[in-house]
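Asks: Provide a 3D model corresponding to the input given below.
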Amino acid sequence: MRSHIDEIRSRGADVVAIGTGNPMYAKDFIQQFDINFLVLIDADAAAARAASIKRATRAQLLSPASLMRGVSRFVMGGRQGKSGARISQLGATFVIAPGGKLLFEHLAEATSDNAPMHDVLAALP
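Replies: Numbers count the residues shown, from 1 in each chain. Alright, predicted model coming up:
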């Protein structure tokens, strides 16, 4: 999302991240990754439950694909931040229009399952 923030904002939209940590964790995340959008905290998982976002199983967390993604990120010089309070919480991406109309939804099925950016951008006006 970070690399597409200018395009997202040029379409009249913005990005909001919702994390699993606490205020200190969020501050570290914002500083470490130079985040220039709003970051909220879902400490008790209320937002994740309301959105029906799944949690990874132990097998998914320790799967060869998940481990290889971590190794690949390290080799390519990518950064891995600290884990949030719920390390098994999978991700999700939503595009929500004014008035709460859901334009796009992607609920991750695995740790490496991210919404295709072209689909997110296509959902924007």
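
Asks: looking at the chain, which helix or strand does the model trust least?
Replies: helix 64-75 (a mean of 59; mean pLDDT, DSSP states H and E).

Asks: list the strands paired with whatever helix or strand comes next after that helix, with their directions.
Replies: Following helix 64-75 in sequence order, the next helix or strand is strand 92-96 (DSSP states H and E). Looking at strand 92-96 with DSSP bridges, its partner strands are strand 102-107 (antiparallel).

Asks: could you pull up the residues touching the spatially most central residue of the chain?
Replies: Note on the chain: the residue nearest the mean C-alpha position is G91, at 5.1 Å, using C-alpha atoms, centre = their mean. For G91, the contact set (C-beta atoms under 8 Å, 6 or more residues apart in numbering) comprises I53, A108, D113, N114. The C-beta positions use only the backbone N, C-alpha and C, and glycine is treated the same way.

Asks: please check those residues and keep the buried ones.
Replies: I53, A108, D113 (16 or more other C-beta atoms under 10 Å).

Asks: low-confidence regions, this protein specifically.
Replies: The chain contains residues with pLDDT under 70 at 60-86.

Asks: quick one: furthest residue from the center of it?
Replies: Outermost in the chain, C-alpha atoms, centre = their mean: G99 at 22.4 Å.

Asks: in what helix or strand does it lie?
Replies: Using DSSP H and E, no helix or strand contains G99.

Asks: for it, give its distance to I87.
Replies: From G99 across to I87, the span is 34 Å (C-beta to C-beta, to the nearest Å).

Asks: same check on M1?
Replies: Distance from M1 to I87, by C-beta to C-beta: 21 Å.

Asks: which one of these two has more residues nearby?
Replies: Comparing M1 with I87 by neighbour count (other C-beta atoms under 10 Å), the higher total belongs to M1, at 15 against 11.
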